[in-house]
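Enquirer: build me a model:
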Amino acid sequence: MLNKVLILSASSGYGHIQAAHAIEQAFAEMRPDVQVQHIDILDYSTKIFKAISSKTYIDMVNKSPRMSIILLNWLTNVCNRPWKNEGLWAAFYKLNCLPLISKINNYQPDLVVNTHFVPARIISSLNEKKTLYTPQVIVVTDFDVHSNWLCRQFGHYFVALKQTGMQMEQFGIPSEKITVSGIPIHPIFAQHKDKALMRAKHGLKQYKTTVLITLGGFGVGPMEQLVTSLFHLKHEVQVIVVCGNHERLRIRLESFFAQQTLDERVSFKIVGYTNDMDEYMAAADILVGKAGGLTISEGLSRGLMMVIIGSLPVWEKRNADLLIAAGAAIRCDNIPLLADQIDQLLDDPEQQALMQENVRQLARPRAAYDIVDKLLNMT
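Expert: The predicted structure follows:
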């Protein structure tokens, strides 16, 4: 029986933290008697490891996108080798996260739920060496899975798609230890929200096609270039631009639009950090952004057609490939052509209907509830 649950995530990206919050919220609603604690492992790591995993990475992507692509490709070739050098990586992670190990020992959870591969690797290694006796499950927060997620000691894996589960089986993970749950998103996305009401609430026109642009919680990517490319849309469109935690970007965009004289055909609404992303998605028709696992899952839950841009290698690119292969998205590799690709989509009702149906087939808005339900039945 579960009494104490520890959820481990990492603020190295929007998805890991938000998936953890979703599971935490689902526990609170379904089993409030279970004591649940969620921690960011980077708060229990060395300063260098934390910097490399979060701020340094974000700054590099913003300031040197080409260099970041080269580095990420190199790291992928080094790291993405199933069952190779797992001991070395586990030792590296443990060395940089010693306070985390003390935290786990002091908390003594009945179960650890990981939404990041670093703590999963640490716990697996410690359990294998008999220096820790903590059962763990692993929630993969991408549609594709790379070898860093592979562990010897685990109770169960939760994955996004059937294809993801098949890939895990090829890596040697038993099928009975894999559940295709979808990626957990906040339970609020499981609630229906009326499009017209959400548009009225947020000051949006009812008759205009609504495009939502988001580059994740950190606002990483060429937002200014994206925005200006949409000046050339031929359809009547309103664009919601979500800047996330990137406050300087919000200020820059607001200053930029204050100096522009735009055709009334296309209008823009600039939003900084917001807790209303579910409502903006409910108000929208099309989502434009990178292929982060959580952003995709949230968009699918709101029935949004997607235009994938600027996905980082390798995992976001693989997410995009899977989504496009499923017919739920299109890709725009050349941002100056973004407006033309959206216009073509809006000119083709049959393609829109097909994409919307494919989105509905992939959507799993209750993933967090399904994961918690499975955990409660496993113990």
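
Enquirer: lowest-scoring secondary structure element of the protein by mean pLDDT?
Expert: Using mean pLDDT, DSSP states H and E, the weakest-scoring helix or strand in the chain turns out to be helix 55-63, at a mean of 54.

Enquirer: pLDDT below threshold where in the stretch 51-200 of the chain?
Expert: 54-80 (pLDDT under 70).

Enquirer: okay, now the nearest residue to Ile39 once chain neighbours are set aside: neighbour count?
Expert: Of all residues not flanking Ile39 in the chain, Leu8 sits nearest, at 6.4 Å (Cβ to Cβ, 6 or more residues apart in numbering). The way it works is simple: take the backbone N, C-alpha and C, and place the C-beta from them, glycine included. Here the count is done by other Cβ atoms under 10 Å, and Leu8 has 27 residues near it.

Enquirer: strands of the stretch 51-200 of the chain, residue ranges please.
Expert: 111-114, 136-139, 156-159, 178-180 (DSSP state E, counting those that start in this stretch).

Enquirer: for these, which one sits closest to Ala326?
Expert: strand 178-180 (13.8 Å; Cβ to Cβ).

Enquirer: what's the domain layout of this protein?
Expert: 4-183+365-378, 188-362 (automatic domain parsing).

Enquirer: for the stretch 1-150 of the chain, what spans make up the helices?
Expert: Along the stretch 1-150 of the chain, the stretches classed as helices by DSSP state H, counting those that start in this stretch are 14-30, 47-53, 55-63, 65-79, 86-96, 98-107, 117-128.

Enquirer: not counting the fifth one itself, show me its contacts.
Expert: Contacts of helix 86-96 from elsewhere in the structure, counted by Cβ atoms under 8 Å, 6 or more residues apart in numbering, are 45-46, 48-49, 79, 101, 118, 121-122, 124-126, 148, 150, 152.

Enquirer: quick check: the farthest pair among those residues?
Expert: Within those, Ile48 and Arg152 form the most distant pair, 27.2 Å apart (Cβ to Cβ).

Enquirer: so which of these two has more stuff around it?
Expert: Ranked by neighbour count (other Cβ under 10 Å), Ile48 and Arg152 place Arg152 first, with 13 against 10.

Enquirer: so the more buried one touches Ser124, yeah?
Expert: Yes - applying Cβ atoms under 8 Å, one finds Arg152 in contact with Ser124, separated by 5.4 Å.

Enquirer: phi, psi for Gln153 please.
Expert: phi -110, psi 110 (degrees, to the nearest 10).

Enquirer: how close does it get to Asn334?
Expert: 46 Å (Cβ to Cβ, to the nearest Å).

Enquirer: of these two, give the one with the bigger neighbour count.
Expert: Gln153 (17 against 11).

Enquirer: which residues does that one contact?
Expert: Ile123, Ser124, Ser125, Asn127, Glu128, Gln136.

Enquirer: over to Ile330?
Expert: Ile330 sits next to Met306, Val307, Ile308, Ile324, Gln341, Leu345, Met355 when contact means Cβ under 8 Å, 6+ apart.

Enquirer: for ChimeraX, what selects the buried ones among the contacts of helix 86-96?
Expert: For the buried members of the contacts of helix 86-96, the matching ChimeraX selection, counting by 16 or more other Cβ atoms under 10 Å, is:
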select :45,49,101,118,121,122,124,125,126,148,150
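
Enquirer: can you tell me the SS state at the most centrally placed residue in the chain?
Expert: In the chain, the residue lying closest to the centroid (Cα atoms, centre = their mean) is Leu294, at 2.5 Å. Secondary structure of Leu294, reduced to three states by DSSP: H, G, I helix; E, B strand; the rest coil: helix.

Enquirer: these two touch, right, it and Ile185?
Expert: Yes - the pair Leu294 / Ile185 is scored as a contact, 6.2 Å apart, by Cβ under 8 Å.

Enquirer: shared neighbours of the two, anything?
Expert: Gln18, Ala19.

Enquirer: quick check: which of the strands of the stretch 51-200 of the chain is nearest to Leu215?
Expert: Closest among these, using Cβ to Cβ: strand 136-139, at 23.3 Å.

Enquirer: tell me where the stretch 201-350 of the chain has strands.
Expert: Under DSSP E, counting those that start in this stretch, the stretch 201-350 of the chain gives strands at 209-214, 237-242, 266-271, 286-289, 305-309, 329-332.

Enquirer: how far does the third one sit from its chain's centre?
Expert: What it means is strand 266-271. 24 Å (Cα atoms, centre = their mean, to the nearest Å).

Enquirer: which residues of the stretch 251-379 of the chain score low on pLDDT?
Expert: Looking at the stretch 251-379 of the chain by pLDDT under 70, you get 261, 311-314, 379.

Enquirer: contacts for stretch 354-362?
Expert: Here stretch 354-362 makes contact (Cβ under 8 Å, 6+ apart) with 161, 299-300, 303-306, 323, 326-330, 345.

Enquirer: as PDB, could you dump the C-alpha coordinates of it?
Expert: Provided in PDB are the C-alpha atoms of stretch 354-362 (Å, rounded to 0.1, in the frame of the first residue of the first chain):
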ATOM      1  CA  LEU A 354      -8.100  14.600 -41.400                       C
ATOM      2  CA  MET A 355      -5.500  16.300 -39.100                       C
ATOM      3  CA  GLN A 356      -8.200  17.000 -36.500                       C
ATOM      4  CA  GLU A 357      -9.300  13.400 -36.500                       C
ATOM      5  CA  ASN A 358      -5.700  12.200 -36.200                       C
ATOM      6  CA  VAL A 359      -5.200  14.600 -33.300                       C
ATOM      7  CA  ARG A 360      -8.200  13.100 -31.500                       C
ATOM      8  CA  GLN A 361      -6.800   9.600 -32.000                       C
ATOM      9  CA  LEU A 362      -3.500  10.500 -30.300                       C
END
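
Enquirer: fine by me, thanks again.
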